[in-house]
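Q: predicted model follows, preceded by the sequence.
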Amino acid sequence: MNTRPRRLQEALQRARLNALALNAGPTLTYLTGLRFHLMERPVVALFTAEGRQAIVLPRLEAPKVAGRTDIQPFFYDENPARWHEAFQDAVEALGLQQARIGVEPERLRVLELRFLEAAAPRATFPSAAQAIAALRAIKDAGGIAAIEHAVHIAQDALAATLQTFRVGMTEKELAAELVAQLLRHGSEPDLPFQPIVSAGPNSANPHAVPTDRPIRAGDLLLMDWGATHRGYFSDLTRMFAIGEVDEELAYIVAIVRQANVAGREAARPGVCAGEVDAAARAVIVSAGYGDYFTHRTGHGLGLDVHERPFIFGGNEDVLQPGMVFTVEPGIYLPGRGGARVEDDVVITDEGARSLSDLPRVLRRLG
């Protein structure tokens, strides 16, 4: 039974919102199963606290809603001068002319907001970010299974990619091979992000972009990648040594691996997200590298690659069964190299279970 519409109604009522407006994106897909690309033609779905649903969309997208009885479509044609009519019709049909209509501030574009404001000039549009985040933070069995499948795709793709590795490949070449293997092993083409493949000094940048730099003997190699299954994402990071690496670089990989273990062991229901960060960070601080751990320990994972819960110091969000997030402590030595070990975990009734099982030790290549 799909409980998401009922849970949305309850969330809107708690937030004292009359309705929710969503444009194309993960939350719209989460609630309806419909997928649209952001484009010059607006798509906006409206959900009321009483359970009624409507969607404004271009007529060319009509096949996507054909046969749906749960959501009322309002189509517009190609002339932009008349698009506002569909918005007005939808607002009037749902009685939202003076409503409190929640929006996603990080998603809703000015384009869609202006159409909504014109259709309901006496309405207000407060943020519904917290209500939506709470709704999506706890995954059902299907969501967890999809993420775990995306993890397996990612792990298999990496194994195939490493078989093609040779010293002297550029970061870009290795990243391109990884993308190809992700698709070959079953990932949907909308990847969570373009893989990070960074070697040598470049690995000291947590969000490095692959370059034309050849991967050389003595480099520390960081690979951060993920796959997509049924719209859900995975996100992993593993470390590799190209031949013999500097002793301190190998040491920071070992410290990061210990921090990863500490973070995963701290995760369980009833614990605050900040406690997971504290457990992982304490390992790195005690080793003397606290100043070189420059980001949070992790982030929620689902239809967005970064969503609630966020695993940072002081975050008092309480972990609950069904929450899925990354544990990815890191150490980054400017000009020399960096290390990160990342796993995807799900909170269970008893504790936490890692969805990823690739070896976390520093693996030698070349």
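A: Looks like it came in fine. Numbering: from 1, shown residues only.
Q: buried sites along the longest helix anywhere in the chain?
A: Selection of the longest helix in the chain by residue count, based on DSSP state H, yields helix 141-162. For helix 141-162, a neighbour-count test (16 or more other Cβ atoms under 10 Å) marks 143-144, 146-158, 160-162 as buried. (Glycine included, C-beta is placed from N, CA and C.)
Q: now swap in stretch 356-365 and tell me
A: Under the neighbour-count criterion of 16+ other Cβ under 10 Å, stretch 356-365 has S356, L358, R360, L362 buried.
Q: who touches that stretch?
A: Stretch 356-365 has contacts (Cβ atoms under 8 Å, 6 or more residues apart in numbering) with 151, 154-155, 158, 162, 165, 167, 221, 234, 236, 238-243, 245, 250, 253-254, 257, 260, 341, 343-344.
Q: helices or strands up against the lowest-mean-pLDDT helix or strand in the chain?
A: Every helix and strand of the chain was ranked by mean pLDDT, DSSP states H and E. The lowest is helix 129-137, at a mean of 91. Under the contact definition 3 or more Cβ pairs under 8 Å, 6 or more residues apart in numbering; DSSP states H and E, helix 129-137 sits against helix 4-14, helix 26-32, strand 307-311.
Q: who does the shortest one pair up with?
A: Pointing back at strand 307-311 there. Here strand 307-311 is paired, per DSSP bridges, with strand 298-300 (antiparallel).
Q: pLDDT on the strand it pairs with, on average?
A: Strand 298-300 shows a mean pLDDT of 98.
Q: check stretch 159-168 too.
A: The average pLDDT for stretch 159-168 rounds to 98.
Q: now stretch 69-82
A: Confidence for stretch 69-82, expressed as mean pLDDT, is 97.
Q: still on that earlier bit, what's in contact with the longest helix of the chain?
A: With contact meaning Cβ under 8 Å, 6+ apart, helix 141-162 is reached by 139, 174, 177-178, 181-182, 184-187, 223, 225-234, 236, 238, 301-302, 322, 324, 344, 346, 355-358, 365.
Q: next, the angle from it to helix 129-137.
A: With axes from the mean of the first three to the mean of the last three Cα atoms, to 10 degrees as the basis, helix 141-162 and helix 129-137 are set at 80 degrees to each other.
Q: for helix 141-162, C-alpha coordinates in PDB please.
A: What follows is helix 141-162, C-alpha atoms only, in PDB (Å, rounded to 0.1, in the frame of the first residue of the first chain):
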ATOM      1  CA  ALA A 141      11.700  -1.200   2.000                       C
ATOM      2  CA  GLY A 142      11.500  -0.500  -1.700                       C
ATOM      3  CA  GLY A 143      13.700   2.600  -1.400                       C
ATOM      4  CA  ILE A 144      16.300   0.800   0.700                       C
ATOM      5  CA  ALA A 145      16.400  -2.100  -1.800                       C
ATOM      6  CA  ALA A 146      16.900   0.300  -4.700                       C
ATOM      7  CA  ILE A 147      19.800   2.000  -2.900                       C
ATOM      8  CA  GLU A 148      21.400  -1.300  -2.100                       C
ATOM      9  CA  HIS A 149      21.000  -2.400  -5.700                       C
ATOM     10  CA  ALA A 150      22.700   0.900  -6.800                       C
ATOM     11  CA  VAL A 151      25.500   0.100  -4.400                       C
ATOM     12  CA  HIS A 152      26.000  -3.300  -6.000                       C
ATOM     13  CA  ILE A 153      26.000  -1.800  -9.500                       C
ATOM     14  CA  ALA A 154      28.700   0.700  -8.400                       C
ATOM     15  CA  GLN A 155      30.900  -1.900  -6.800                       C
ATOM     16  CA  ASP A 156      30.700  -4.200  -9.800                       C
ATOM     17  CA  ALA A 157      31.400  -1.300 -12.100                       C
ATOM     18  CA  LEU A 158      34.500  -0.300 -10.100                       C
ATOM     19  CA  ALA A 159      35.800  -3.900 -10.300                       C
ATOM     20  CA  ALA A 160      35.500  -3.900 -14.100                       C
ATOM     21  CA  THR A 161      37.100  -0.500 -14.300                       C
ATOM     22  CA  LEU A 162      40.100  -1.500 -12.300                       C
END
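Q: beyond that helix, next helix or strand please.
A: Using DSSP states H and E, the next helix or strand after helix 141-162 towards the C-terminus is helix 171-184.
Q: just want the angle from that next one to helix 141-162.
A: Angle, helix 171-184 to helix 141-162, by the same axes, to 10 degrees: 130 degrees.
Q: quick check: closest non-adjacent residue to the residue most central in space within the chain.
A: Nearest to the mean C-alpha position of the chain, by Cα atoms, centre = their mean, lies V305 at 1.0 Å. Distances taken as Cβ to Cβ, 6 or more residues apart in numbering put P192 closest to V305, at 4.0 Å, once the chain neighbours are dropped.
Q: please report how far the one you found lies from V327.
A: P192 is 16 Å from V327, where distance means Cβ to Cβ, to the nearest Å.
Q: and what of L191?
A: L191 sits 21 Å away from V327, going by Cβ to Cβ.
Q: more crowded one of those two?
A: Between L191 and V327, V327 has the larger neighbour count (other Cβ atoms under 10 Å), namely 29 against 20.
Q: can you tell me the SS state at the closest residue to that one other than its chain neighbours?
A: Spatial nearest neighbour of V327, excluding adjacent residues (Cβ to Cβ, 6+ apart): G263 at 4.1 Å. Look at G263: counting by DSSP: H, G, I helix; E, B strand; the rest coil, its state is helix.
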